[in-house]
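Participant: Attaching a predicted model along with its sequence, questions to come.
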Amino acid sequence: MAPARRLKRVVASQPGFIKLKSVSGASGPASGRRKRLNKNKKKSWNKHSDINDVDQFLEDVRLQERTTGGLLSEKSDEHLFFLDAGPPKKPQLRVQEPVEEKKGKGKGSRPLRIDLILQRDSLVPAPKDVLAYQLPNAKKLRRIAHKAEGLAAKGVVPWRQRKLLNRQPADTTAKKAATEANNNPDREYYDIWGQESKDTSDPWYLQQTKKSRVKRPERLNEKPSVLPAVEVIAPGGSYNPDFFSHQALLQEAHEIEVKKKKEEDKIIKQLAVNRDHIATEETVFREQVEGLVEEDNEEEEDGANEEEGVVVGAISVAVKKTERQRKKERADKIKDQRRQANRLKSDKRQQLFQLRSIKTSIKEQEEDTKVKQTQRKINQEAQKAQPRRLGKLKFQAQDMEVQLSDELAGSLRQLKPEGSVLKDRFKSLQKRNLIEPRERAKFKRRLKLKYVEKRAFREIT
């Protein structure tokens with residue numbers, strides 16, 4: 001037990017150790033012979049070593065830290081002792097304040113026992129929370145901040161800040177009025193049936209009173225066609241037109257009819273049967289006799305071929321090339337490649353002397369592209385005035401309403417009506433791409449008609 005006693009002496013000789021608790025005496029007189037232990041193994045150290053005195057020393061240090069906030073040996077005299085000079089003198093109060101009556105005998109200001117139990121009685125400061133000071137990507141943020149400081153020292157503005165400075169200020173008033181929530185409790189309540197004057201400029205009031213129109217999409221404001229809703233008829237279509245204007249209208253109608261006639265004639269011509277394709281008695285007889293007369297000639301030709309011994313359908317065997325031929329082909333191929341490369345180089349050298357002609361050709365190409373662009377724009381503008389293909393049917397223009405020279409009337413009373421207003425409006429909607437071209441639905445009977453003779457009919461017959 002010599003090492004244990006030596007450890008006790010070392011612990012007691014520590015400068016900051018002060019005994020607050022009475023340490024019990026020795027473990028007692030040794031009874032009998034002391035047990036011999038083998039202490040050259042680490043297992044025996046942990047099992048048979050006496051560390052009670054070390055635990056007592058550490059517990060005493062913890063007690064001092066909890067009660068006094070540190071070791072007593074390290075405290076100054078001012079913290080450990082104080083001068084008792086009697087009760088403190090109470091200062092005289094100039095104005096006597098009303099004193100509240102205490103409930104009970106001096107127990108009004110004392111805290112509750114449960115609060116005293118829950119109070120912290122240790123003077124040891126709480127451990128520092130390391131996780132509270134940790135930030136995600138702290139190293140990256142420090143690097144970015146260091147880089148920003150270096151740029152600021154050089155006078156360089158980062159691109160994010162430069163983008164924010166160049167951004168135009170938004171109209172916050174209009175945006176707030178447009179995006180204000182409907183369930184905002186700060187909104188004023190409007191009584192529709194009230195007699196007081198209302199602020200008609202408030203969008204909330206206009207929305208609740210159904211006076212504000214719904215915002216219309218921009219695509220709905222675009223017209224599907226540039227044609228007017230009502231087209232004015234030509235001057236020659238009047239009831240009493242001028243001679244030349246009427247003749248111009250007749251000429252236009254005549255051209256339309258000639259075009260229709262040409263299309264009909266073209267279809268008839270395509271469907272017409274050619275007389276050369278019609279079978280005659282001679283062609284029919286030839287077809288019937290074909291194959292009966294030419295059998296003898298075929299047999300003679302087969303016999304002649306067998307006598308001559310001509311082999312039909314012989315397989316040609318490819319001759320293998322020699323090494324000399326392969327080397328010659330390879331050399332010729334290399335020569336051709338070199339010749340083409342030299343030709344390209346010479347062509348590029350010759351182009352230096354053709355700069356003027358190249359410039360003129362480029363200018364001509366640019367002019368051609370400009371002409372094509374203008375023509376393309378003209379075609380696009382003209383296409384806007386044409387009806388588009390909206391359905392499976394193609395738009396068919398309405399027949400022109402025109403009267404002949406002998407049908408003209410001298411007054412409105414004698415004027416004969418032409419066409420139909422309803423059909424004209426229907427065709428106008430189709431021409432302006434508002435509705436698709438349609439045709440009258442055809443009625444098709446699903447079930448056949450069944451005739452039944454009734455009893456009354458039988459009685460009459």
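Facilitator: Cool, got the structure.

Participant: State the distance from residue 51 to residue 45.
Facilitator: 10 Å (CB to CB, to the nearest Å). Heads up, the C-betas are built off the backbone N, CA and C, glycines and all.

Participant: and what of residue 267?
Facilitator: Taking CB to CB, one finds residue 267 at 119 Å from residue 45.

Participant: Could you do residue 215 as well?
Facilitator: 87 Å.

Participant: how is this structure carved up into domains?
Facilitator: As assigned by automatic domain parsing, the chain contains the domains 1-20+46-72+116-122, 390-397+419-439.

Participant: Between residue 215 and residue 45, tell me which one has more neighbours.
Facilitator: residue 45 (10 against 7; other CB atoms under 10 Å).

Participant: Export the helix or strand harbouring the more buried one to PDB, keeping only CA atoms.
Facilitator: For residue 45, the element it lies in under DSSP states H and E is helix 42-48. Taking C-alpha atoms only, helix 42-48 is exported to PDB below (Å, rounded to 0.1, in the frame of the first residue of the first chain):
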ATOM      1  CA  LYS A  42      -2.600  -3.400 -17.000                       C
ATOM      2  CA  LYS A  43      -5.600  -5.600 -16.100                       C
ATOM      3  CA  SER A  44      -4.400  -5.800 -12.500                       C
ATOM      4  CA  TRP A  45      -3.900  -2.000 -12.300                       C
ATOM      5  CA  ASN A  46      -7.600  -1.300 -13.100                       C
ATOM      6  CA  LYS A  47      -8.800  -4.100 -10.800                       C
ATOM      7  CA  HIS A  48      -6.700  -3.700  -7.700                       C
END
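
Participant: What are the contacting residues of that helix?
Facilitator: Residues outside helix 42-48 that contact it (CB atoms under 8 Å, 6 or more residues apart in numbering) are 37, 38, 39.

Participant: which stretches of the stretch 301-450 of the chain aren't confidently modelled?
Facilitator: Low-confidence segments of the stretch 301-450 of the chain (pLDDT under 70): 301-316.

Participant: could you point out where the stretch 101-250 of the chain is predicted with low confidence?
Facilitator: Using pLDDT under 70, the flagged stretches of the stretch 101-250 of the chain are 101-108, 170-183, 185, 187-192, 194-200.

Participant: quick one, helices of it?
Facilitator: 113-118, 130-133, 138-154, 159-166, 172-179, 203-208, 218-221, 243-271 (DSSP state H, counting those that start in this stretch).

Participant: Any idea which of the ones you listed gets closest to residue 436?
Facilitator: Across those, the minimum distance to residue 436, taken as CB to CB, is reached by helix 218-221, at 18.7 Å.

Participant: Report how many residues lie close to residue 270.
Facilitator: 7.

Participant: and what of residue 269?
Facilitator: 8.

Participant: For it, give its distance to residue 140.
Facilitator: Where residue 140 is concerned, residue 269 sits at a distance of 83 Å (CB to CB).

Participant: Same question for residue 254.
Facilitator: Distance from residue 254 to residue 140, counting by CB to CB: 85 Å.

Participant: Residue 71 now?
Facilitator: In terms of CB to CB, residue 71 sits 44 Å off from residue 140.

Participant: Neighbour count for the two, which is higher?
Facilitator: Neighbours were counted for residue 71 and for residue 140 using other CB under 10 Å; residue 71 has more, 16 against 10.

Participant: My guess is that one contacts residue 61. True?
Facilitator: Yes - with contact defined as CB atoms under 8 Å, residue 71 reaches residue 61; the gap is 6.9 Å.

Participant: May I have the residues that are in contact with residue 230?
Facilitator: Per CB under 8 Å, 6+ apart, neighbours of residue 230: residue 428.

Participant: How about the one 3 residues further on?
Facilitator: Taking CB under 8 Å, 6+ apart as the definition of contact, the neighbours of residue 233 are residue 401.

Participant: Check the gap between it and residue 244 for me.
Facilitator: Taking CB to CB, one finds residue 233 at 16 Å from residue 244.

Participant: now residue 360
Facilitator: 50 Å.

Participant: Same check on residue 122?
Facilitator: For residue 122, the distance to residue 244 - CB to CB - is 119 Å.

Participant: From the chain's centroid, how far away is stretch 407-419?
Facilitator: Stretch 407-419 has its C-alpha centroid displaced from the chain centroid by 64 Å (CA atoms, centre = their mean, to the nearest Å).

Participant: distance between the ends of that stretch?
Facilitator: Using CA to CA, to the nearest Å, the end-to-end distance of stretch 407-419 comes out at 15 Å.
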